[in-house]
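S.K.: here is the input, now give the coordinates:
(2 chains)
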Number of protein chains: 2
Amino acid sequence: MSTEPVPNSLEAVGRKASGVNGQHNEHLDVPEGKSDVCIVGGGPAGLMLSTVLARLGLKIRVLDDRPEQTAVGRADGIQPKTIETLQMLGLADGLLRRGVKVFDICMWRGSRSHDLRRVDREVHYPASIVDVLHPFILLCHQGMVEDVFVEDLRQSGVEVSRSHSFQKFQQSGDDSAGALHIECLVSNREKKTVTSDYIVGCDGARSLVRQHIPGTYSQGTPHNSVWGVLDGELDTDFPDIWSKTVVYSEDYGSILMIPRERNMTRLYVEMKTRTDSKSLGQEFVMDQARRILAPYRVAWVFIEWFGNYQVSQRVAAHFSDPTLKAFIAGDASHTHSPKAAQGMNTSVHDSWNLGWKLNLAVRGLAKGNTLLESYEMERKKIAHDLINFDVEHANEVATGDPVRLADNFRINTRFISGVGVEYGENDINRVQSFGRLRPGCNLLPARATRYIDSNPVDIQLDIPMLGQFRLYALVPDVTDAKQALYLETLSNKVLSPSSFISRISEKASQSYAGKPRARRQENQFVRPERYTKTSELFTFSLITSTSQTAFEIGSLPTLFSSSPWTVYVDDVASCIEKWLGPLEAGDMAIVNVRPDGYVGSLEKWNSADEKAGVRAAEFLDDYYSRFLAT
Amino acid sequence: MSTEPVPNSLEAVGRKASGVNGQHNEHLDVPEGKSDVCIVGGGPAGLMLSTVLARLGLKIRVLDDRPEQTAVGRADGIQPKTIETLQMLGLADGLLRRGVKVFDICMWRGSRSHDLRRVDREVHYPASIVDVLHPFILLCHQGMVEDVFVEDLRQSGVEVSRSHSFQKFQQSGDDSAGALHIECLVSNREKKTVTSDYIVGCDGARSLVRQHIPGTYSQGTPHNSVWGVLDGELDTDFPDIWSKTVVYSEDYGSILMIPRERNMTRLYVEMKTRTDSKSLGQEFVMDQARRILAPYRVAWVFIEWFGNYQVSQRVAAHFSDPTLKAFIAGDASHTHSPKAAQGMNTSVHDSWNLGWKLNLAVRGLAKGNTLLESYEMERKKIAHDLINFDVEHANEVATGDPVRLADNFRINTRFISGVGVEYGENDINRVQSFGRLRPGCNLLPARATRYIDSNPVDIQLDIPMLGQFRLYALVPDVTDAKQALYLETLSNKVLSPSSFISRISEKASQSYAGKPRARRQENQFVRPERYTKTSELFTFSLITSTSQTAFEIGSLPTLFSSSPWTVYVDDVASCIEKWLGPLEAGDMAIVNVRPDGYVGSLEKWNSADEKAGVRAAEFLDDYYSRFLAT
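M.R.: Got it, this is the predicted structure:
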């Protein structure tokens, strides 16, 4: 939940979640020596970034001022795109099994002239609007999500340093390496200074890291409306507690209800204005819920958590310092209302965006500041998109007009789901004018058959997250002489030692040899070497409509035959047409996908052009040399 | 793998699997006091039975003579029906993520006149023949499967007693409770006697428990052919090591290749006759593989396990003693060739079949011996079906005729997948003559929308395994007055205190009050109380084609309104028609599903018949009173 809490008003009431979090309270010491990146904050943003960087082999420190993980309350909604992102990391299974899935939205309305009644029920993510693998919101307590990350970090050999309160950081002028000196307080007693090349503040709405970066003041409009949030198990005959439900009472205002795992229901209740502290209490919210939901019976089996907060939409003026050594992510960089279940999702994707760029920067593979600068450029736009949507959305929830609220949902469905998040044009996202793929946007889901083992797979999820760019060569007919020639030329050109791709791959090899990715136990099943054999930086993939029986992987040009796990046959659901639209005979294309799964660039050529292979290789060198450097 | 090993010839070579099994080597003491069931053997059969019984609340002991779980070799193939069964227990996720999936079969043939070449590639489980959710074989080392069970047992509070070698058991005549006295040897030193009401020997092909049950001698035909099995990582340019592949060389015989998790390939190599011990060795098998696969390069990165075995098809004459206190399951009751990947699957389903029957017997809810007798009746038929298929299949593999082998596969596809396993008619499986569901057979997969939260679900997997019978009332239109009347009558009759279902439910309540199901941490997500509120023994479910907007769960008759999580709307894929075939107007049906997910009985009525509700209630009482007793 991305909120600016009302000072001193958050209180945890009732039973504490037990058994959900495998909490480890040891105050482990921060590891010795300089780290590549120091992450401040162990919430979803900080843990996501840590997970990505630890897997990619960076030396990281994770400082969290809390002695334990989040046990109750806070964020709980995981949107379709976030599920997909977690799947790319192999982290979604347990959450999908345990979480509650919301497929629809119900609207209720009561007034003096009409008893409370359901006025609408809508599919939340209609297939006609949102093309996602998991068309639902997954409700999981934030602590469950943190658990998944913490376990994953352990697999990579990283433990969160709990009870480590960040105090301040500074760049030492006489430190030739330019390292940051970061001061923290351990268990509120011992002062400790650690050094790091980069620092990322994932320390929430009141981020201390942000306060130490000049010029990152928050911009935005604080609202005066205050909301109460109540998590507990309801005992009620109100029928729609397992959907996302908005109940509007003309007399008493609105409630937003969200089902939760463990039989719970979360209620958001608006308190129109901030009045005396009593009226902000749990009892008032419970009474308000009873009044709004009358004549239905409303009681609680138990209440796990109660909090209230003041909505405040803010975006930091900058997401990093001018030297690009200090960053902020998650609530530290933007806050908004929790009601569209965006907070954890936006935070996770801030980190998802920043992670691979930091990896390439640390490894010296990034060209100048292009990659690191793109973090603010891309994510600040999204934060503003979110705030703009959120102001409108929060107003509609409060107003209670079901038609207008439904319209607001419908218009913003893609954005809410996360797949409507679109980055602007820059050196990584190169616009083009054909097909349905858009640079800066999520790769459209597509199924195909993996040739080598005939497994039908979701292409967008098939190649594990290894910090690599994915190059999909889409070639309708590999048995056609001209298309085969194109592939052969492309292969030779790309693999030629003088190509940019070869040279940067060579540099990447050296980097990964010295600083390898985490050697994780799970790798014996994931088999990362299947994707890194030709290059640590690129996975080369072929997607073709040619039947599996008409060609052998071993007969393909080296670039593809040496990457047999990424040869796909387009015989399941027309991936090529879905991505590129209808093609002319002989049309072939390359789609470059960024390490975070967003489309970077694409181009097409026709096999009638004898130079097509050469042009494709040039296109690749040109594209990648804009933001990578040997 | 169900095999009769060649005495003293099994040897583990090369690297031992590391990190796959969370092995616990403590020799924990057997818990005190009499157990309900003592399970001998901690392989897939024993662990599956233990998992089921522990969840259902029985007091069990699990004795395993090995100090550790299976680390290398042995079984690895999980068939579609077994995946489904594991899903019913919520245990498939990790295996699905880590295992290798085989979707097709390739056949290769070489002779003096023809170089080795692929002669066929076939889909293993074509949708037109096998209707399953997961149309593939999942290859996971037996140790991974055991791991999943052992972890699950821990959640239920049960630890396998390792290094406990079963010695003998006897029923003490002067023991009024008729308990069995079971003697075992702990760590080959200490003799220990435990008592139990039942004993189940899951102790493999050379079962000692079987030897102590009179009249259970194995029947069958030992073959003289000997096979070598080799698990390791291949370094080869042979392209089809990720499919199930049969390679036949006219000169050198057959190899069956199966991909394995962790980049491995399993080779089965036939040694036509048993010759000197040298020829049975690993080097010979490796050479044989090289000869058969020439001209492809064949080397090994590492070899994890080598074993050889003599194929022997046997079925025990009886699967229990005459007093129905001692049972055998898995390899203890039948052995066969491992090549169709049936062993672990058949073993797991022996236990799946026996588990719920033992639960009802222990709880005093079973009528006479009907349920326990049906175990041998049902599973011995399957063992014989398996042997018959296996003899033929093993011969076809050895013969190497691709056309005949492909035919053999095709004919037996349903059986191999596990969904073709069909139990004969008895008091639990009552034949009828309409629809596509067959009593004694697996419930056909079907999707529908769960009304309460609009989640599309797989009906066959939706209700968690709690040892209950599931009663699906299929009523096309609940808003139709006559169909509504039928439901109302059915509800009233079933809930009337005098109905058999009410009376046996009352008895079940007492039983579960005294001997509750395991209180598992995972229950906070599974919410078993959603399914047991009306009865511990039955879940009542409604499937209707009526639109979600046209009725409320709260307005349904009590039997269904009090079970809101099992009201389904048939708006996804025509479940009702799939199960029942085309219906006349006003036709309604009830499908009774056994606790193991097999169809027990079904009947239909027409709403034009005013007595339909009464007849349906009578049908239920009649059916369940055949094998349950108050």
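S.K.: what helix or strand is the residue in the stretch 501-630 of chain A positioned nearest to chain B on?
M.R.: Of the residues in the stretch 501-630 of chain A, the one nearest chain B is A:F525, at a distance of 4.2 Å by C-beta to the nearest C-beta. From N, CA and C alone the C-beta is placed, and that goes for glycine too. When elements are defined using DSSP states H and E, A:F525 is found to belong to helix A:523-526.
S.K.: name the residues that touch the following helix or strand past that helix?
M.R.: Going down the chain from helix A:523-526, the next helix or strand is helix A:529-532, by DSSP H and E. Under the criterion C-beta atoms under 8 Å, 6 or more residues apart in numbering or on different chains, residues A:463-464, A:466, A:468, A:512, A:539, A:563-566 lie in contact with helix A:529-532.
S.K.: of all the residues you listed, which two lie farthest apart?
M.R.: The largest separation in these, counting by C-beta to C-beta, is between A:Y512 and A:P564 at 21.2 Å.
S.K.: how about the contacts made by A:V130?
M.R.: When the contact criterion is C-beta under 8 Å, 6+ apart, the partners of A:V130 are A:80, A:413-414, A:417, A:419-420.
S.K.: you'd agree it is in a strand?
M.R.: No - when DSSP: H, G, I helix; E, B strand; the rest coil is applied, A:V130 is found to be coil, with no strand at that position.
S.K.: excluding its backbone neighbours, what's nearest it?
M.R.: A:S417 (4.8 Å; C-beta to C-beta, 6 or more residues apart in numbering or on different chains).
S.K.: can you point out the buried residues in the helix or strand harbouring A:V194?
M.R.: Under the assignment given by DSSP H and E, the secondary-structure element containing A:V194 is strand A:190-201. Within strand A:190-201, the residues that qualify as buried by neighbour count (16 or more other C-beta atoms under 10 Å in any protein chain shown) are A:194-201.
S.K.: got the phi/psi numbers for the residue in the stretch 251-400 of chain A positioned nearest to chain B?
M.R.: Proximity to chain B, evaluated over the stretch 251-400 of chain A using C-beta to the nearest C-beta, is greatest for A:R262 at 4.7 Å. With angles defined as degrees, to the nearest 10, A:R262 sits at phi 60, psi 40.
S.K.: isn't it up against B:V526?
M.R.: No - with contact defined as C-beta atoms under 8 Å, A:R262 does not count as touching B:V526 (10.3 Å).
S.K.: quick revisit: now, the contacts of A:V130 that are in strands?
M.R.: The strands in this structure, assigned by DSSP state E, contain none of these.
S.K.: which of those residues has the most neighbours?
M.R.: In terms of neighbour count, A:S417 stands highest of the contacts of A:V130 at 27 neighbours, by other C-beta atoms under 10 Å in any protein chain shown.
S.K.: return the distance of it relative to chain B.
M.R.: According to C-beta to the nearest C-beta, to the nearest Å, A:S417 and chain B sit 16 Å apart.
S.K.: is it true that that residue touches A:K81?
M.R.: Yes - counting by C-beta under 8 Å, A:S417 sits close enough to A:K81 to count as a contact (6.0 Å).
S.K.: sketch out the strands for the stretch 201-350 of chain A, chain order is fine.
M.R.: If you assign secondary structure with DSSP state E, counting those that start in this stretch, the strands in the stretch 201-350 of chain A sit at A:218-236, A:244-249, A:253-259, A:265-271, A:298-316, A:326-328, A:334-335.
S.K.: find the closest residue to chain B in the stretch 301-450 of chain A.
M.R.: Nearest residue of the stretch 301-450 of chain A to chain B, counting by C-beta to the nearest C-beta: A:T449, 8.3 Å away.
S.K.: could you give the bridge partners of that residue?
M.R.: Beta-bridge pairing of A:T449, defined through DSSP bridges, involves A:P456, A:V569.
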